[in-house]
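Visitor: Got a predicted model here, sequence first, then my questions.
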Protein chains: 2
Amino acid sequence: MAKAGRRPGQTETREQILASARALFAEQGYEGATIRGIAADAGVNPALIHHFFGSKDKVFAASLAIPVDPSVIVSTVATGPRDAAGERLVRIFLTIWGNPDARRPFLALLRSVTSNEAAARMMRQFLRLAIIDRIGPELGVSELRMTAVGTQLMGLAMMRYILQVEPMASADDEEIVAMIAPVIQHHFDA
Amino acid sequence: MAKAGRRPGQTETREQILASARALFAEQGYEGATIRGIAADAGVNPALIHHFFGSKDKVFAASLAIPVDPSVIVSTVATGPRDAAGERLVRIFLTIWGNPDARRPFLALLRSVTSNEAAARMMRQFLRLAIIDRIGPELGVSELRMTAVGTQLMGLAMMRYILQVEPMASADDEEIVAMIAPVIQHHFDA
DNA sequence: TGCAGAATTAAACGTATGACTAATTTGGCC
DNA sequence: GGCCAAATTAGTCATACGTTTAATTCTGCA
């Protein structure tokens, strides 16, 4: 998978830098995180990051690979009883956000959307690929309706994981499903 | 209203600084906006901002006065036919976001929530005062349900005004009301 | 073993920022 | 007109940042 001839040490350090970048961008957003901070966290010299990636923007982009295949979301939601599609979508959402590794890139994106145009673009693109553009036609739901579904999930992420408003932040997953799934189902059936 | 004895020039310049601060914080968030940028926009020396306000944090706080009385939201939603409370809430939301002056502080808050703890606190507090803590008891809706209402509105703000995802961003207000009001009403009636 | 190239580092540069200091201007008031 | 406090400015400081350069260490291979 890695380019042939690459020495083992390189990929390891590279991966470590990316891991630190993922963590810090997720915690502090694009502007808040610094090359020096990432380097310190990874235990390397700041210049090494430029050696590998070239610029902060490129580290950011490289660290942002969303570990979720939009197609999986689309097919999971589209497959099965249609009157439970809303519940399936909410459960996927909660599964992703319940996994720290999977959640991290989304946290980073949400925290960077205002200061980094690339982040905003990637967020919009993911919403399109995973929610709006493909689930909609699959279920016969209008584009505008699907953006409404997006608002619901986006708001959930903001309230529960960024702002951490109680009691939403500590609520049980099943409570969230019970509250939100019917709303999304309503959009699907409208 | 202003402190007695203050010379007219002072309040004027002070107001102008606050106006520029409001605009720039709304456009670029807390970290993105700079004292120098605000000073340039207001046509004054950067040191004057410190003279009046003391620090960037304090300019930010002073510029963030939300021009919306939470009580008005609460009473507007609570007054009138109960089965149209959801629609009333959505219409207040759209009225606020449709007015550039009223929208500005919320844009600034949303864009600063990740980099400024004061912004996060103020956002949470407004959600509590305007939505969760007082409309809930008034309509007999649980706190958790009311945070779900909050997610819907927060997501709407993010998708429509920050990320500007189409066709949500350009949709007519009435289309938004038609789609979102029933969802909020559903929470009220659950 | 010695060489070549990659990995890694130390050190510095240029810039932008928030903040501070001291000086200057302004405008009302006796 | 002269005085005084407030408004306003020019200039500077220290810091943090992304980035660059040049030197140094490491490692696989001939």
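Guide: Perfect, thanks for sending it.
Visitor: ok, and does stretch A:91-108 reach over to chain B?
Guide: No - if you take C-beta under 8 Å from any C-beta of the partner chain as the test, stretch A:91-108 misses chain B, and the best it gets is 9.3 Å. Glycine gets a C-beta too; all of them are placed from N, C-alpha and C.
Visitor: Tell me the gap between that stretch and the middle of its chain.
Guide: Distance of stretch A:91-108 from its chain centroid, counting by C-alpha atoms, centre = their mean, to the nearest Å, is 6 Å.
Visitor: what mean pLDDT does it have?
Guide: Averaging pLDDT along stretch A:91-108 yields 95.
Visitor: Stretch A:133-151 now?
Guide: 96.
Visitor: does any bit of it sit next to chain B?
Guide: Yes - using C-beta under 8 Å from any C-beta, stretch A:133-151 reaches chain B at A:E143, A:L144, A:R145, A:T147, A:A148, A:G150, A:T151.
Visitor: what sits against the residue nearest to the spatial centre of chain A?
Guide: Residue closest to the average C-alpha location in chain A (C-alpha atoms, centre = their mean): A:F106, at 2.7 Å. Neighbour list for A:F106: A:I66, A:I96, A:W97, A:A157 [criterion: C-beta atoms under 8 Å, 6 or more residues apart in numbering or on different chains].
Visitor: which of those come close to DNA strand C?
Guide: Subset of the contacts of A:F106 in contact with DNA strand C: empty, counting by C-beta under 7 Å from any atom of the strand.
Visitor: quick revisit: I'd like the distance between the residue nearest to the centre of chain A and A:F25.
Guide: Separation of A:F106 from A:F25 (C-beta to C-beta, to the nearest Å): 11 Å.
Visitor: for A:A78, same thing?
Guide: The gap separating A:A78 from A:F25 is 32 Å, by C-beta to C-beta.
Visitor: And the two? Which one has more around it.
Guide: The neighbour comparison of A:A78 against A:F25 (other C-beta atoms under 10 Å in any protein chain shown) goes to A:F25, with 28 against 15.
Visitor: Can you classify the more buried one by secondary structure?
Guide: Three-state call for A:F25 (DSSP: H, G, I helix; E, B strand; the rest coil): helix.
Visitor: what's the closest non-adjacent residue to it?
Guide: Nearest residue to A:F25 in three dimensions, chain neighbours excluded: A:A108, at 4.0 Å (C-beta to C-beta, 6 or more residues apart in numbering or on different chains).
Visitor: where's the one you found, which helix or strand?
Guide: For A:A108, the host element (DSSP states H and E) is helix A:100-112.
Visitor: starting at the chain centroid, how far to the helix or strand that that helix is followed by?
Guide: Following helix A:100-112 in sequence order, the next helix or strand is helix A:117-127 (DSSP H and E). Offset of helix A:117-127 from its chain centre (C-alpha atoms, centre = their mean): 10 Å.
Visitor: tell me the angle of helix A:117-127 relative to helix A:100-112?
Guide: Per axes from the mean of the first three to the mean of the last three C-alpha atoms, to 10 degrees, the angle that helix A:117-127 makes with helix A:100-112 is 120 degrees.
Visitor: is helix A:117-127 anywhere near DNA strand D?
Guide: No - Helix A:117-127 does not reach DNA strand D (C-beta under 7 Å from any atom of the strand); its nearest approach is 12.8 Å.
Visitor: what about that helix, near chain B?
Guide: Yes - using C-beta under 8 Å from any C-beta, helix A:117-127 reaches chain B at A:A120, A:M123, A:R124, A:L127.
Visitor: what is the mean pLDDT for that helix?
Guide: The average of the pLDDT scores along helix A:117-127 is 93.
Visitor: quick one: buried residues of stretch A:93-105?
Guide: Neighbour counts over stretch A:93-105 (16 or more other C-beta atoms under 10 Å in any protein chain shown) mark A:F93, A:L94, A:I96, A:W97, A:R103, A:R104, A:P105 as buried.
Visitor: Make a markdown table out of those and add distance to B:G136.
Guide: As requested, these are exported to a markdown table (distance: C-beta to C-beta, whole Å):
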| residue | distance to B:G136 |
| --- | --- |
| A:F93 | 24 |
| A:L94 | 23 |
| A:I96 | 29 |
| A:W97 | 25 |
| A:R103 | 28 |
| A:R104 | 33 |
| A:P105 | 34 |
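Visitor: quick one, what contacts A:A42?
Guide: For A:A42, the contacting residues are A:T13, A:Q16, A:I17, A:A19, A:S20, A:A21, by C-beta under 8 Å, 6+ apart.
Visitor: again but with A:G98, I slipped
Guide: Contacts for A:G98 (C-beta under 8 Å, 6+ apart) come out as A:D173.
Visitor: got it, and A:R88?
Guide: By C-beta under 8 Å, 6+ apart, the contact set of A:R88 is A:T76, A:V77, A:G80.
Visitor: now the last one, nearest residue through space, not along the chain?
Guide: Same thing as A:G80. Nearest non-adjacent residue to A:G80, counting by C-beta to C-beta, 6+ apart: A:R88, 6.3 Å away.
Visitor: element containing that neighbour, please.
Guide: Going by DSSP H and E, A:R88 is part of helix A:85-98.
Visitor: Also compute the angle for that helix relative to helix A:100-112, please.
Guide: Counting by the same axes, to 10 degrees, helix A:85-98 lies at 90 degrees to helix A:100-112.
Visitor: and helix A:85-98, C-alpha only, in PDB?
Guide: Written as PDB, here are the backbone C-alpha positions of helix A:85-98 (Å, rounded to 0.1, in the frame of the first residue of the first chain):
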ATOM      1  CA  ALA A  85     -35.100   4.700   7.500                       C
ATOM      2  CA  GLY A  86     -35.100   7.600   9.900                       C
ATOM      3  CA  GLU A  87     -34.100   5.500  12.800                       C
ATOM      4  CA  ARG A  88     -31.400   3.800  10.800                       C
ATOM      5  CA  LEU A  89     -29.900   7.200   9.900                       C
ATOM      6  CA  VAL A  90     -30.000   8.400  13.500                       C
ATOM      7  CA  ARG A  91     -28.300   5.200  14.600                       C
ATOM      8  CA  ILE A  92     -25.500   5.600  12.100                       C
ATOM      9  CA  PHE A  93     -25.000   9.200  13.200                       C
ATOM     10  CA  LEU A  94     -24.800   8.100  16.900                       C
ATOM     11  CA  THR A  95     -22.500   5.200  16.000                       C
ATOM     12  CA  ILE A  96     -20.000   7.500  14.300                       C
ATOM     13  CA  TRP A  97     -20.100  10.100  17.000                       C
ATOM     14  CA  GLY A  98     -19.900   7.500  19.700                       C
END
